[in-house]
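K.L.:
quick one: sequence plus predicted model below, questions after.
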Amino acid sequence: MSTRASAARYARALLDVVIKESNPEQVEQELAAFADLFVQNPNLEKALTNPAVPVSGKVGIVKELAARLTLSPPLGKLLLMLAARDRLVIVPDLVTVYRDRLMDYRQVVRADITTAEPLDEARAAQLKERLATLTGRTVMMTTRVDPSIIGGLVARVGSTVYDGSVATQLHRIKNRLRSAV
């Protein structure tokens with residue numbers, strides 16, 4: 001089973017427990033802080049993900065880290081279980097999947113907007129409101145500028161892409177003209 005699939009199972013279980021017992025956002029921050037230790041300390045990551053390191057040593061390290069970070073009990077138990085099963089390699093994926101599940105639980109969706117020119121604040125707020133109406137969820141929007149789309153915009157909401165760019169429209173016209181000849 002891939003690390004992403006394993007992370008999805010653990011993230012679902014963690015969120016189910018945390019919703020009943022704790023603060024899901026706090027757990028997300030704690031999990032991210034634990035994962036950041038891997039990024040900040042490559043030697044720690046090597047020790048915790050190397051199959052040659054004994055599981056008992058990994059469990060001891062995770063216990064110490066959990067105590068220092070004062071992790072919530074459900075997260076501490078999950079990390080200890082992952083250490084005991086030698087599955088700490090999934091922690092980076094676990095953070096990503098947990099965040100996605102938490103956003104889904106909170107009815108929040110990400111929207112990535114690409115425009116040819118920067119959006120002013122009023123237009124961005126209007127677009128955010130329309131996307132919220134369209135999706136029925138709260139929208140967390142990021143924007144970027146790409147002059148190659150010429151005009152209009154491209155909105156990626158979850159896995160759905162709404163392409164209203166001038167470049168795409170010109171491409172479609174070009175294809176229709178070629179097929180008509």
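P.N.:
Looks like it came in fine.

K.L.:
tell me where the chain has helices.
P.N.:
3-21, 24-40, 42-49, 55-69, 73-84, 91-105, 121-135, 166-180 (DSSP state H).

K.L.:
nearest to Ile150, out of these?
P.N.:
Closest to Ile150 of these is helix 166-180 (C-beta to C-beta; 3.9 Å). All C-beta spots, glycine's among them, are computed from the backbone N, C-alpha and C.

K.L.:
what about that closest one, distance to the chain center?
P.N.:
35 Å (C-alpha atoms, centre = their mean, to the nearest Å).

K.L.:
returning to what we had before: of the helices of the chain, which is nearest Ala111?
P.N.:
helix 121-135 (5.3 Å).

K.L.:
put together CSV for the helices of the chain, with mean neighbour count and distance to Ala155 on each row.
P.N.:
Listed next are the helices of the chain as CSV, based on neighbours: other C-beta atoms under 10 Å; distance: least, C-beta to C-beta, whole Å:
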stretch, mean neighbour count, distance to Ala155
helix 3-21, 16, 26
helix 24-40, 16, 26
helix 42-49, 14, 36
helix 55-69, 15, 38
helix 73-84, 18, 34
helix 91-105, 18, 17
helix 121-135, 14, 7
helix 166-180, 11, 12
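
K.L.:
now the ones you listed in TSV, with mean pLDDT and distance to Ser148?
P.N.:
Listed next are those as TSV, based on pLDDT from 0 to 100; distance: least, C-beta to C-beta, whole Å:
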stretch	mean pLDDT	distance to Ser148
helix 3-21	93	31
helix 24-40	94	33
helix 42-49	92	37
helix 55-69	94	44
helix 73-84	96	43
helix 91-105	95	29
helix 121-135	95	20
helix 166-180	93	6
